[in-house]
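Chemist: okay, predicted coordinates and the sequence, questions at the end:
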Amino acid sequence: MVWFVILLLVLGGGFYLYTKLKKIEQEILAEQEAEKQARQQQLREQTAETSGNLAADEQPSPAGPVDDEEDSSQLAEQLLRAVTQQPGIKQTALYPMFDAVPKRTLQYTLRELTDAGRLKREKIGNSFLLYP
């Protein structure tokens, strides 16, 4: 009989701890989601601010895929102007500014500019900070 009572106490304590841990996990997930939304909002504001800082004639022109050398050099110059206007801009913040250009094309062009020594890229998390 004593073993049965001890077993019930252990099971009850285990269930209590399980429910407490689940509640803590839900609170942590809620906090992480709130932080993620705040970061996304901050990035949207930073991107809007960056777009607003570029003069109207310096806005990247909506372009399709970059096929020839002239379009490629034009895109490179637009990217350099955007980075010069905002030193330390995140690479991911450039994507909405050049939304008509495929992301891979932008990545490739930025990599070429870095290899040529015209840009400096500093790895931060899943993105890069870009400097002229």
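Modeler: That came in fine, so what should we check first?
Chemist: following element in sequence after the helix or strand where residue 15 lies, please.
Modeler: Using DSSP states H and E, residue 15 sits within helix 2-53. For helix 2-53, the succeeding helix or strand toward the C-terminus, using DSSP H and E, is helix 69-85.
Chemist: for that next one, buried residues please.
Modeler: Buried residues in helix 69-85, counted by 16 or more other C-beta atoms under 10 Å: 75, 76, 78, 79, 80, 81, 82, 83. Using the backbone N, CA and C atoms, a C-beta is placed for each residue, glycine as well.
Chemist: pLDDT score for the first one?
Modeler: Reported pLDDT at residue 75 in the predicted model: 86.
Chemist: quick check: it vs residue 43, distance?
Modeler: Applying C-beta to C-beta, to the nearest Å, the value for residue 75 to residue 43 is 22 Å.
Chemist: with the fifth one instead?
Modeler: Using C-beta to C-beta, residue 80 is found at 22 Å from residue 43.
Chemist: and for the third one?
Modeler: Relative to residue 43, residue 78 is positioned 21 Å away (C-beta to C-beta).
Chemist: of the buried residues of helix 69-85, closest to residue 123?
Modeler: Each of the buried residues of helix 69-85 was scored against residue 123 by C-beta to C-beta, and residue 83 proved nearest at 15.8 Å.
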